[in-house]
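Peer 1: Next one to model:
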Amino acid sequence: MKEIDPMALFRLSVLGPLVSRPQLARGEQKALLRELAAKDYDIPGSRRRHIAEKTLEEWLLKYRRQGLEGLTPKGRCDEGISKLSAEVQERLLTAKRDNPRRSIRVLRWMLEHEGLVARGALSRSAIHRFLKQQGLSRPSGAATVPEERRSFSAECANEIWYGDVLHGPRALLAGRTRKTYLVSLMDDASRLIAHSAFCLSESALEIEGVLKQAVLKRGLPVKLVVDNGSAYRSVSLQGICARLGTRLIYCRPYHPEGKGKLERWHKTLRDQLLSELGPAPLELHELNARLWAWIDSLYHRSPHTGLAGLTPLTRYQQDLGRIRLLGPLAAKLDEIFRHRTERLVRRDGTVSYGGRFFEVPYELAGKTVHLVIDPHARTVVGVEDKEGASLGAATALDKLANRHRARRKPPDPETEPVSRAAPVKPSAPTLIDMACAEHYRPIADDPTAEDK
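Peer 2: Got it, this is the predicted structure:
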């Protein structure tokens, strides 16, 4: 019996809800196609995760006409046959052999410049297919040597953690469905999930929240390997890792194999957890509850082939004596994960953050300070100077309470009692004093006053 093509089996599994029923109600096929197009798939031989609705409709039409044979990928009918003229083929071979480093763009420009083809008439794919057929599609020399990659494992737990984000299912929050993102941290040596949670965004704030829970549960990692996304490049995350003594390492762009173990865990999670959730969205807290139950009860306690049959939890516990614990950092962990931002204190002694106003010590009015922020509560807890020294607390502005608040006032010179402890030393006469004495002398001092 002829072996079925794996891609045909994959396409059939995707179309399952459509082909398993003999008849669909009016409009039901369109709704099912839209639902299938919104799901994530582990597509063989591809890094894509979604399949277009139009593509699914074409697969369904081919299956109804030809069965599994219609879902089997077909090669090009003109495969191996070049439509290029003999003259163009000869010139391409000569130019490529003269300089194997020449790109397809340069080769096409040469053909157009020499008048062998019209400008824009020859596609890049036609040149690439011809060179590939001739074994000249890759440059010779050092560039043809593949990059060396080797499988490795950390020596002990918490030596290397991997962080990544996976697009999750939609969840209910306050009666509305919201897209979720699964933020996860995995230990390399044990494959243990330090912490993972479905969040409403893939921002630095969500990643920092997962990292905080991970270090509380599993201790401090020596290295944290992440991708080059803007969230992982945030100043706040870099500062947190520096205070924790954790080295933050970025993978090279477009090299997901750097976190291959975590990518493999994502596939396990899709197969064992996400596929069992059902079509109806769950509340966000229920979704996370099922995630944590699956991780702690099933994944952490299942034998792993990459660990010689040990479970991730058992392998992690073997290194408990070598794990770097929080120690003195535990008492100031909240402070480590707080954000700091620069603000100018207004004349009324307030600062603004997140659309709200907070009162700080009034002596700071007109000065630039650093706000210490609890990012998850979106509130200011205090102010610091540029050296990190505390300048006081910050409280939410209450305008109604300020109506009855006693205010400090400068002393009034008219009502302030004058101290009699020390006599006031007379000051030297001014020019105006001397002029008054000259022109407006008292009558008693005038010798001619009696004659007048």
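
Peer 1: shaky segments in the chain?
Peer 2: For the chain, the stretches with pLDDT under 70 are 1-3, 75-82, 138-151, 253-258, 408-428, 441-452.

Peer 1: Work out the sheet partners of the lengthiest strand in the chain and label each with its direction, please.
Peer 2: As assigned by DSSP state E, the longest strand anywhere in the chain is strand 160-173. The strands that strand 160-173 pairs with in its sheet are strand 176-187 (antiparallel), strand 223-226 (parallel), strand 282-283 (parallel) (by DSSP bridges).

Peer 1: residues contacting the residue nearest to residue 219 when sequence neighbours are not counted?
Peer 2: Here the nearest residue to residue 219 in space, its sequence neighbours aside, is residue 323; by Cβ to Cβ, 6 or more residues apart in numbering that works out to 4.5 Å. C-beta: built from backbone N, CA, C; applies to glycine. Counting by Cβ atoms under 8 Å, 6 or more residues apart in numbering, residue 323 makes contact with 156, 157, 158, 218, 219.

Peer 1: The strands paired with strand 160-173: which one's closest to residue 385?
Peer 2: Put simply, out of the strands paired with strand 160-173 the one that sits nearest residue 385 is strand 223-226, at 29.9 Å, with distance taken as Cβ to Cβ.

Peer 1: contact partners of that closest one?
Peer 2: Strand 223-226 is contacted from outside by 159-164, 185, 211, 232, 241, 246-251, 258-259, using Cβ under 8 Å, 6+ apart.

Peer 1: buried stuff in that strand?
Peer 2: By neighbour count, and taking 16 or more other Cβ atoms under 10 Å as the criterion, the buried residues in strand 223-226 are 223, 224, 225, 226.

Peer 1: would a markdown table of these with distance to residue 198 be doable?
Peer 2: A markdown table is the format used below for those (distance: Cβ to Cβ, whole Å):
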| residue | distance to residue 198 |
| --- | --- |
| 223 | 25 |
| 224 | 21 |
| 225 | 22 |
| 226 | 19 |
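
Peer 1: hang on, isn't residue 213 packed against residue 195?
Peer 2: Yes. Under the criterion of Cβ atoms under 8 Å, residue 213 makes contact with residue 195 at 4.5 Å.

Peer 1: more crowded one of those two?
Peer 2: Neighbour totals were compared for residue 213 and residue 195, and residue 195 leads with 21 against 15 (other Cβ atoms under 10 Å).

Peer 1: separation between the closest residue to that one other than its chain neighbours and residue 200?
Peer 2: With Cβ to Cβ, 6+ apart as the criterion, residue 195 has its nearest non-adjacent residue at 3.8 Å, and that residue is residue 214. From residue 214 over to residue 200 the distance is 19 Å, taken as Cβ to Cβ, to the nearest Å.

Peer 1: Counting neighbours, go ahead and name the busier of those two.
Peer 2: With other Cβ under 10 Å as the criterion, residue 214 and residue 200 differ in neighbour count, and residue 214 comes out ahead with 24 against 14.

Peer 1: Now do the contacts for that one.
Peer 2: The neighbours of residue 214, taking Cβ under 8 Å, 6+ apart as the test, are 161, 185, 194, 195.

Peer 1: Kindly recompute the last result at 10 Å.
Peer 2: When the contact criterion is Cβ atoms under 10 Å, 6 or more residues apart in numbering, the partners of residue 214 are 161, 163, 184-187, 193-197, 220-221, 224.

Peer 1: Give me the buried entries from those residues.
Peer 2: With neighbours counted using 16+ other Cβ under 10 Å, these contain these buried positions: 161, 163, 184-187, 193-197, 220-221, 224.

Peer 1: Return the member of the residues you listed nearest to residue 382.
Peer 2: residue 220 (25.4 Å).

Peer 1: what about the helices in the stretch 1-150 of the chain?
Peer 2: Assigned helices in the stretch 1-150 of the chain, in chain order: 6-14, 16-19, 28-37, 53-66, 68-71, 86-98, 104-113, 124-133 (criterion: DSSP state H, counting those that start in this stretch).

Peer 1: Mind putting these into CSV with mean neighbour count?
Peer 2: Listed next are the helices of the stretch 1-150 of the chain as CSV, based on neighbours: other Cβ atoms under 10 Å:
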stretch, mean neighbour count
helix 6-14, 16
helix 16-19, 14
helix 28-37, 15
helix 53-66, 14
helix 68-71, 17
helix 86-98, 14
helix 104-113, 16
helix 124-133, 16
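
Peer 1: which one of these lies closest to residue 438?
Peer 2: Residue 438 lies closest, by Cβ to Cβ, to one member of the helices of the stretch 1-150 of the chain: helix 104-113, at 100.0 Å.

Peer 1: Take the closest one, keep the C-alpha atoms, and write them as CSV.
Peer 2: Extracted C-alpha coordinates of helix 104-113, given in CSV (Å, rounded to 0.1, in the frame of the first residue of the first chain):
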residue,chain,number,x,y,z
ILE,A,104,21.4,37.3,-8.2
ARG,A,105,20.8,41.1,-8.2
VAL,A,106,24.3,41.7,-9.7
LEU,A,107,23.8,38.9,-12.3
ARG,A,108,20.5,40.3,-13.4
TRP,A,109,21.9,43.8,-13.7
MET,A,110,24.8,42.5,-15.9
LEU,A,111,22.3,40.7,-18.2
GLU,A,112,20.2,43.9,-18.5
HIS,A,113,23.3,46.1,-19.0
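
Peer 1: From the contact counts, what lies against it?
Peer 2: For helix 104-113, the elements it packs on are helix 86-98, helix 124-133, judged by 3 or more Cβ pairs under 10 Å, 6 or more residues apart in numbering; DSSP states H and E.

Peer 1: if we look at that helix, which residues are touching it?
Peer 2: Residues external to helix 104-113 that are found in contact with it (Cβ under 10 Å, 6+ apart): 84, 87-88, 91-92, 95-96, 99, 102-103, 116-128, 130-131, 137.

Peer 1: swap the cut-off to 6 Å and go again
Peer 2: By Cβ atoms under 6 Å, 6 or more residues apart in numbering, the surrounding residues in contact with helix 104-113 are 95, 117, 119, 122, 124, 127, 128.

Peer 1: Ok, stretch 378-391 next?
Peer 2: Everything outside stretch 378-391 that qualifies as a contact, by Cβ under 6 Å, 6+ apart, is 353-354, 358, 360, 369-374, 392-394.

Peer 1: Buried ones among those?
Peer 2: Burial by neighbour count, 16+ other Cβ under 10 Å: within those this picks out 353, 358, 360, 369, 370, 371, 372, 373, 394.

Peer 1: isn't residue 307 right up against residue 315?
Peer 2: Yes. Taking contacts as Cβ atoms under 6 Å, residue 307 lies within contact range of residue 315: 5.0 Å.

Peer 1: These two: which has the busier surroundings?
Peer 2: When neighbours are counted by other Cβ under 10 Å, residue 315 comes out ahead of the other of residue 307 and residue 315, with 21 against 17.
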